[in-house]
Structure formats: C-alpha cells, structure tokens
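K.L.:
Generate coordinates for the sequence data below:
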Amino acid sequence: MLTLEDTRMVLRNESVRLTPQRLMIAEVLIGNTEHPTVERVHEIILSRYPSISLATVYNTVTLLARYGLITLLHGGKDGLRLDPNTSPHAHAHCMECGMVVDVPINKPALLNDTMLDGFRWERMEVSVFGYCEDCAPLEHGDASV
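P.N.:
Numbering: from 1, shown residues only. Purely as a prediction, here's the structure:
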C-alpha cells in the first residue's frame, strides 16, 4: 500500500526530485480505494496548485508506477485508472458507470508455475468486466428500476 514515507524513500533512492507536486499527487492517492482517473487526481490537486498541468500528473503517476508505488489500470470505461494498493488482488470494472473495485484473489488458484514454462513473472493483473449491482438491471432491460 502506498505511503508517503515509501514514496520519499523510493524516489530519493532513484535520485528523483521530491517536488511538492509529486508529493501532493502521492498524498491524494494514499488510501484512495476509488481507483481515480488521472483527470480526477488533477482536479483535486488544482485547488492547491492551480498551475499544475495534466501532463505533470500523468508524468508523476507514470513515475510512481515505474517504481512500483502504484499500479496503472487499463481497459476500463474511463481509460487509465490508478491504484495505490499494490498487494495481490484483482479488479472488477463496471462497463456502465465506470466503478472499479478491488477483489481478493489467490494466485495459486489461477496460475501455477508449470503453466508458465520457465517464464519468470513479476506481477499478475486480473480484471473482470461486467455490471455493478446498480447498473446490472439497466443493462438487462429491467424496467422496474
């Protein structure tokens, strides 16, 4: 899970400048379970740093992901989403409203090393796409909603 201490330590170890903007972006993500878009993080930060560009936010989240501090989630309704929880888990994406939720996952149940035939893997991403409880009746033509 992302922490400000880990962010500072990792970026220092990689000789990356600890700018107020980078630290603010990390702060916005710490403990965030909503899997925000880059645009949403940008909106939040604009109140404190009115001159921060969307490009700065994109560059910073790419940097945080490169060093394993966050995970970038691709393929959902709203495009790129951010996850500060880097522990093993899967994601369920609602194709209607765009909500993304964490799903506990057990790696051995999905994959065993013999299936990879000598491939040395670093991480696994699992995403399920469908409709959340609120959107499912709308997608399936339930007029009672």
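K.L.:
among the helices and strands of the protein, which has the poorest mean pLDDT?
P.N.:
In the chain, the helix or strand scored least confidently by mean pLDDT, DSSP states H and E is helix 107-110, which has a mean of 59.
K.L.:
Quick one: name whatever helix or strand follows it.
P.N.:
Next along the chain after helix 107-110, taking DSSP states H and E as the criterion, comes strand 127-130.
K.L.:
so what strands line up beside that following strand?
P.N.:
strand 90-94 (parallel) (DSSP bridges).
K.L.:
Next SSE downstream of the strand it pairs with?
P.N.:
strand 100-103.
K.L.:
packing partners for that following strand?
P.N.:
strand 79-83, strand 90-94 (3 or more C-beta pairs under 8 Å, 6 or more residues apart in numbering; DSSP states H and E). For every residue, glycine as well, the C-beta is placed using N, CA and C.
K.L.:
same for the first one, what does it pack against?
P.N.:
Packing partners of strand 79-83 (3+ C-beta pairs under 8 Å, 6+ apart): helix 38-46, strand 71-76, strand 100-103.
K.L.:
re earlier: could I get the helices and strands packed on strand 100-103 as CSV with mean neighbour count, mean pLDDT and distance to residue 114?
P.N.:
Formatted as CSV, the helices and strands packed on strand 100-103 follow (neighbours: other C-beta atoms under 10 Å; pLDDT from 0 to 100; distance: least, C-beta to C-beta, whole Å):
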stretch, mean neighbour count, mean pLDDT, distance to residue 114
strand 79-83, 19, 91, 29
strand 90-94, 19, 92, 22
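K.L.:
any idea how far the spatially closest residue to residue 83 that is not a sequence neighbour is from residue 57?
P.N.:
Once flanking residues are discounted, residue 83 sits nearest to residue 71: 4.4 Å by C-beta to C-beta, 6 or more residues apart in numbering. Residue 71 sits at a distance of 16 Å from residue 57 (criterion: C-beta to C-beta, to the nearest Å).
K.L.:
The two: who's more crowded?
P.N.:
residue 57 (27 against 20; other C-beta atoms under 10 Å).
K.L.:
ok now do that one, which residues does it touch?
P.N.:
25, 38, 41-42, 45 (C-beta atoms under 8 Å, 6 or more residues apart in numbering).
K.L.:
for residue 25, same thing?
P.N.:
41, 45, 57, 60-61, 64.
K.L.:
Fine, thanks again, bye for now.
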